[in-house]
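Student: Just the structure for this:
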Amino acid sequence: MDYFQREAFGASRWSYDSLKNFAPLNARVQNHLKKVYLTLCLAVAASAAGAYLHLLLNIGGVLTTLGCVLSIAWLLATPPYEERKRFGILMASSLLQGATIGPLKGVLNMFFLPRPNHRILLTAFVGTALAFGCFSAAAVVARRRQYLFLGGLLSSGLSILLWLQFASSIFGASTAAFNVEIYFGLLIFLGYMVFDTQLIIERAYHGELDHVRDALNLYVDLVGVFVRVLVVMVKNAAEKEERKRKKRSS
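Tutor: So this is what the prediction gives:
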């Protein structure tokens, strides 16, 4: 995702005068946003289908993760004028991503909860959708480029998060480090929702109407938030179950 933003900044020709432009969205940008959000909804539906396929066939794992990464690389390497092909690749990568996320809840339940709680999955999805809607709407109705300054801060925060994960893999993960990675990562991806939305708007103003690429950026943000919200909710549910168990035993 960070690669997408750096590529966009390098490819766009902006001037100081354009940075001071706070005009409302024109019809072309509005139509582009409609395509982006429609494509994003279809990608989310494909992910839900992938997660359901995992429940039926148990296909989620290393192969689906590798397939998702290769599909995204294939999408980025495909020319923008091959719109149908790129859309199909996006749907395939989303389905593979859904199958990859599918085993996550089972693993979390295994480590945190004594018994499965399927309502957590729906609650995490609804919470992620509400957060995405609120933050995206804030970016759309805000003045143009008001939140683009977040790009450098978010990139730095993402680098810190990667270094924390690298250090945890070498020196071992502690509870404090785990909490920092989850909550700090959640904050980073929520910020990217705002930043990417305004970046999409600026790309559209400069004639870059690639709705498949823009939907991919938002999809990555959405998945990043969903996974962390799910982990937080399962962790909180486990702590609640532990308190109830201690209360009953006492």
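
Student: Packing partners of the helix or strand harbouring residue 239?
Tutor: Here residue 239, judged by DSSP states H and E, is contained in helix 211-249. Helix 211-249 sits against helix 2-11, helix 27-57, helix 62-77, helix 83-112, helix 119-141, helix 175-205, with contacts defined as 3 or more C-beta pairs under 8 Å, 6 or more residues apart in numbering; DSSP states H and E. In short, each C-beta sits where N, CA and C put it, glycine included.

Student: Let me have these in CSV, extended by distance to residue 166.
Tutor: CSV is the format used below for the helices and strands packed on helix 211-249 (distance: least, C-beta to C-beta, whole Å):
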stretch, distance to residue 166
helix 2-11, 16
helix 27-57, 27
helix 62-77, 18
helix 83-112, 21
helix 119-141, 26
helix 175-205, 11
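
Student: Tell me which of those helices sits nearest to residue 226.
Tutor: helix 119-141 (4.3 Å; C-beta to C-beta).

Student: Who are the packing partners of the closest one?
Tutor: By 3+ C-beta pairs under 8 Å, 6+ apart, helix 119-141 packs against helix 175-205, helix 211-249.

Student: sorry, back to before: closest to residue 242 out of the helices and strands packed on helix 211-249?
Tutor: Across the helices and strands packed on helix 211-249, closest to residue 242 is helix 83-112 (C-beta to C-beta), at 9.4 Å.

Student: Show me how far that closest one is from its chain's centre.
Tutor: Remark: helix 83-112 is offset 12 Å from the chain centroid, using C-alpha atoms, centre = their mean, to the nearest Å.

Student: what's the answer for stretch 81-88, then?
Tutor: Counting by C-alpha atoms, centre = their mean, stretch 81-88 is centred 21 Å from the centre of its parent chain.

Student: Could I get the buried residue list for it?
Tutor: Neighbour-count burial for stretch 81-88, counted by 16 or more other C-beta atoms under 10 Å, picks out 86, 87.

Student: ok, back up a step: most tightly packed of the helices and strands packed on helix 119-141?
Tutor: helix 175-205 (a mean of 20; mean count of other C-beta atoms under 10 Å).

Student: Might you list the low-confidence residue ranges for the chain?
Tutor: Counting by pLDDT under 70, the ranges of the chain that qualify are 1-24, 105-118, 144-145, 172-173, 250.

Student: dump the residue contacts of the residue most central in space within it.
Tutor: By C-alpha atoms, centre = their mean, the chain has its centre lying nearest to residue 221, at 2.1 Å. By C-beta atoms under 8 Å, 6 or more residues apart in numbering, the contact list for residue 221 reads 1, 132, 189, 192, 193, 196.

Student: Contact partners for the fifth one?
Tutor: By that I understand residue 193. Taking C-beta under 8 Å, 6+ apart, we find residue 193 in contact with 131, 132, 135, 136, 139, 218, 221, 222, 225.

Student: a markdown table please, covering these and showing distance to residue 75.
Tutor: Shown next, in a markdown table, are the contacts of residue 193 (distance: C-beta to C-beta, whole Å):
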| residue | distance to residue 75 |
| --- | --- |
| 131 | 25 |
| 132 | 21 |
| 135 | 24 |
| 136 | 22 |
| 139 | 24 |
| 218 | 14 |
| 221 | 16 |
| 222 | 17 |
| 225 | 21 |
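
Student: Could you single out the nearest of these to residue 98?
Tutor: residue 222 (11.7 Å).
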